[in-house]
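Novice: Using only what follows, build the 3D model:
(chains A and B)
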There are 2 protein chains.
Amino acid sequence: MTAVTHDLAHDAIRAVDWSNGAVKLLDQRVLPQREEYLILEEAPALANAIRMMAVRGAPAIGIAAAYGVVLAARLAYRRAKNDWRSAIEVDIERLRAARPTAVNLHWALQRMQEKFVEVKNDPEPILLAEAKRIHDEDITANKRMGALGAELIHGKTDVLTHCNTGSLATGGFGTALGVIRSAYARGVIQSIYACETRPWLQGARLTAWELMRDKIPVTVIADSAAAHLMQQRCVRWVIVGADRIARNGDLANKIGTYSLALSARAHDLKFMTVAPTSSLDMSAATGADIPIEDRPSGELLELEGHRLAAEGALAWNPVFDVTPARLIDFLVTEKGVVPAPDAAKLAALMQDAHS
Amino acid sequence: MTAVTHDLAHDAIRAVDWSNGAVKLLDQRVLPQREEYLILEEAPALANAIRMMAVRGAPAIGIAAAYGVVLAARLAYRRAKNDWRSAIEVDIERLRAARPTAVNLHWALQRMQEKFVEVKNDPEPILLAEAKRIHDEDITANKRMGALGAELIHGKTDVLTHCNTGSLATGGFGTALGVIRSAYARGVIQSIYACETRPWLQGARLTAWELMRDKIPVTVIADSAAAHLMQQRCVRWVIVGADRIARNGDLANKIGTYSLALSARAHDLKFMTVAPTSSLDMSAATGADIPIEDRPSGELLELEGHRLAAEGALAWNPVFDVTPARLIDFLVTEKGVVPAPDAAKLAALMQDAHS
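Specialist: Numbers count the residues shown, from 1 in each chain, chains lettered A, B, ... in the order given. Model (predicted):
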């Protein structure tokens, strides 16, 4: 019972929810200064919220998009009772196009669309039930991954994580932060280092806020200090999430992950990535097939309207990178742990998942 | 003549100067928004300007400290004509303690102190001449290193640099940026990528400003995007400076340099460090003997008084790291180029330098 109590004590935040017939998002653009919620009743506004990163994190985006289909279907059905399946297409494309790298978005939309055949009249009850199922399954998967990942960690260690992969990035509990929550509750993690995660500062703004909120000790470092940290302190694990995993195990995740994986290998640290199988894209042969989002240079050169860089300076702002499978020691999914992932092991995992 | 014209055209900035009997510093804390100069007439104020990073960069700190000794000697001589050598001690210690990692500070102070024996009456003329010599020699060394480093680069390449190692960080022209200036003038560099260099943003604020000012094309990236850049674009060189080099070739430089060196090696890029021999510390056997400065966490968690991270979050803010000699392909000094530096080669370099 202790573990459960701990898990509950360390898991108080929900970033995406269905509330009174609308989608309720904790606006991650203004955290940690302000805790504000957006109430969205139409899919285009939700797509915009995804694009503007009011909600972010691959699983959370997928869940938000699933609820977005409910909003879209409600409106389409109101407008065209017999033809709502066509009327909804534009909104679904809007949701799909909101962010390019996280595959969970596509996965969730497809799963919602597969439910269309069951609908006889009003689509809302069936689609809402499916969206809630996607949401609940995500939390369940995260708790399962938390337990599986925590079992891999022995002794007492500090861990390094990147970006935000917690309750804010998922349906709840988190992927990499879920493992960290579970391992901390088991007493095998002493302390967590969080890369601040430029340019959007998900680490400094969101991970620090979330872990402090859930009473887990966290120390922020500059992204560029990670290799020095590994050289100087007793960090034995790097634990991160994934926005998309190719079928050979190559991993797209927040910019900087690749560099952490290179540094981890150079220091003989273990590199764990934690992602539900909804992040696996079996249609991508390798990481080269994963689209990498470049975001506006203003995110790098300005901060809250304050100009950081020299006026007129150019910037390149890719917000994901690809870590090759050979640098990954463990992929933790809700279906099981895959050590040193490769094409054969991932094919077997998905086979088992479907059987 | 073309190279000279180019060099002049691309070298317009002086961050440290002696002007009307005072030290004139371009205040790097407010660049690039404002171009403001500090006029300092007393050594404690100058020590404080070094500590607060109004002037930064290992060679520039050394030059500023040398001029600081002139200010200190003038005041000490006014107060105690016969005993100024004792009266000056407190100020010299203040200057020495201003920053711990850059060894040029110690080197410049020692060189100034060695001149004390030549002084008969008023110390100012002799000491000012020596400080100006240190300053001039630094610019000459930088131009020499610029030429030597540029000769190593063949074909057409993009280069990646870190922090600011230009006119702003030196007496003028720069170390790593001096090589980049020279190589750009020779037409072997197409484009420069500059890491923004958290937390102080020397890359985004200073390097971008300096290169744009001197009409050299520059693109800012997040520090964490460096490995992705190496994977995706045609960067064949990483060129950085050094704050202190141990006698085995281990290199202390701005936090993030070590990570760049690891990534460069993983991608088969060449890693060049450019530093005058005044950055060599023959008393440090290895990088482990170099003191690494931790600066206040506020530099990471706040920006211009604006809180970035969650309230109450802890941070660790080491601002230098150590790159082991085995990751360095070329050390460029004003005495010559050392490929794959090690203890024997550096001993030979310094032997030649003294003979």
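Novice: and after the helix or strand bottoming out on mean pLDDT in chain A, which helix or strand comes next?
Specialist: In chain A, no helix or strand scores lower on mean pLDDT, DSSP states H and E than helix A:2-9, which sits at a mean of 41. Note on helix A:2-9: by DSSP states H and E, the next helix or strand toward the C-terminus is strand A:16-19.
Novice: measure the residue nearest to A:Ile13 when sequence neighbours are not counted to A:Arg181 for me?
Specialist: The shortest distance from A:Ile13 to any non-neighbouring residue, by C-beta to C-beta, 6 or more residues apart in numbering or on different chains, is to A:Ser167 (4.0 Å). (C-beta placed from N, C-alpha, C; glycine too.) Remark: distance between A:Ser167 and A:Arg181 (C-beta to C-beta, to the nearest Å) = 9 Å.
Novice: Quick check: neighbours of whatever helix or strand A:Gln190 lives in in the sheet, parallel or antiparallel?
Specialist: Under the criterion of DSSP H and E, A:Gln190 resides in strand A:189-195. Using DSSP bridges, strand A:189-195 pairs in its sheet with strand A:157-161 (parallel), strand A:218-221 (parallel).
Novice: Need those strands in JSON lines (columns: mean pLDDT and distance to A:Ile13).
Specialist: JSON lines is the format used below for the strands paired with strand A:189-195 (pLDDT from 0 to 100; distance: least, C-beta to C-beta, whole Å):
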{"stretch": "strand A:157-161", "mean pLDDT": "97", "distance to A:Ile13": "16"}
{"stretch": "strand A:218-221", "mean pLDDT": "98", "distance to A:Ile13": "14"}
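Novice: Any idea how far the longest helix seen in chain A is from the middle of the chain?
Specialist: Taking DSSP state H as the criterion, chain A has its longest helix at helix A:124-151. Its chain's average C-alpha position is 13 Å from that of helix A:124-151, according to C-alpha atoms, centre = their mean, to the nearest Å.
Novice: what does stretch A:115-122 give?
Specialist: Per C-alpha atoms, centre = their mean, the centroid offset for stretch A:115-122 relative to its chain is 29 Å.
Novice: contacts for it?
Specialist: A:77, A:85, A:123, A:126-127, A:130 (C-beta atoms under 8 Å, 6 or more residues apart in numbering or on different chains).
Novice: Just among these, which is most surrounded?
Specialist: Within the contacts of stretch A:115-122, neighbour counts (other C-beta atoms under 10 Å in any protein chain shown) peak at A:Leu127, which reaches 26 neighbours.
Novice: Could you pull up the contacting residues of it?
Specialist: Going by C-beta under 8 Å, 6+ apart, A:Leu127 touches A:69-70, A:73, A:112, A:115, A:119.
Novice: again, only using 7 Å
Specialist: A:69-70, A:73, A:112, A:115 (C-beta atoms under 7 Å, 6 or more residues apart in numbering or on different chains).
Novice: Regarding the closest residue to it other than its chain neighbours, what are the backbone dihedral angles?
Specialist: Computed as C-beta to C-beta, 6+ apart, the closest residue to A:Leu127 that is not its neighbour in sequence is A:Val70, at 4.8 Å. For A:Val70, the backbone dihedrals (degrees, to the nearest 10) come out as phi -60, psi -50.
Novice: I'd guessed A:Val70 sits against A:Glu130; true?
Specialist: No. Here A:Val70 lies out of contact with A:Glu130, judged by C-beta atoms under 7 Å, at a distance of 8.5 Å.
Novice: circling back to that earlier point, in the strand holding A:Gln190, which residues are buried?
Specialist: Using 16 or more other C-beta atoms under 10 Å in any protein chain shown as the test for burial, strand A:189-195 gives A:189, A:191-195.
Novice: got a list of contacts for stretch A:295-302?
Specialist: Residues from elsewhere that reach stretch A:295-302 (C-beta under 7 Å, 6+ apart): A:199-200, A:307-309, A:313-315, A:317, A:319, B:196, B:204, B:220, B:222.
Novice: Drop anything exposed from those.
Specialist: Buried by 16+ other C-beta under 10 Å: A:199-200, A:308-309, A:313-315, A:317, A:319, B:196, B:204, B:220, B:222, out of the contacts of stretch A:295-302.
Novice: Poorly predicted segments of the stretch 1-150 of chain A, please.
Specialist: A:1-12 (pLDDT under 70).
Novice: Around chain B, which positions in it sit nearby?
Specialist: Within the stretch 1-150 of chain A, the positions adjacent to chain B are A:32-33 by C-beta under 7 Å from any C-beta of the partner chain.
Novice: Roughly how far does the closest residue to chain B within the stretch 1-150 of chain A sit from A:Leu177?
Specialist: Nearest residue of the stretch 1-150 of chain A to chain B: A:Pro32, at 4.0 Å (C-beta to the nearest C-beta). For A:Pro32, the distance to A:Leu177 equals 15 Å [C-beta to C-beta].
Novice: For the two, work out which one has more neighbours and name it.
Specialist: Legend: neighbour count by other C-beta under 10 Å for A:Pro32 and A:Leu177, higher for A:Leu177 (35 against 22).
Novice: Mind checking which of the buried ones among the contacts of stretch A:295-302 land in strands?
Specialist: A:314-315, B:220 (DSSP state E).
Novice: residue boundaries of the strands in the stretch 151-300 of chain A?
Specialist: Along the stretch 151-300 of chain A, the stretches classed as strands by DSSP state E, counting those that start in this stretch are A:157-161, A:189-195, A:218-221, A:235-240, A:244-246, A:251-254, A:270-274, A:280-281.
Novice: Who are the contact partners of the closest residue to A:Leu308 other than its chain neighbours?
Specialist: Leaving out its chain neighbours, the residue that sits closest to A:Leu308 by C-beta to C-beta, 6+ apart is B:Ala204, at 5.3 Å. Shown in contact with B:Ala204 (C-beta under 7 Å, 6+ apart): A:301, A:308-309, A:313, B:196, B:220.
Novice: before we move on, the earlier item: ok, and the most crowded of the contacts of A:Leu127?
Specialist: Going by other C-beta under 10 Å, A:Val69 tops the contacts of A:Leu127 with 29 neighbours.
Novice: Show the contacting residues for that residue.
Specialist: So A:Val69 contacts A:92, A:109, A:112, A:127, A:131 (C-beta under 7 Å, 6+ apart).
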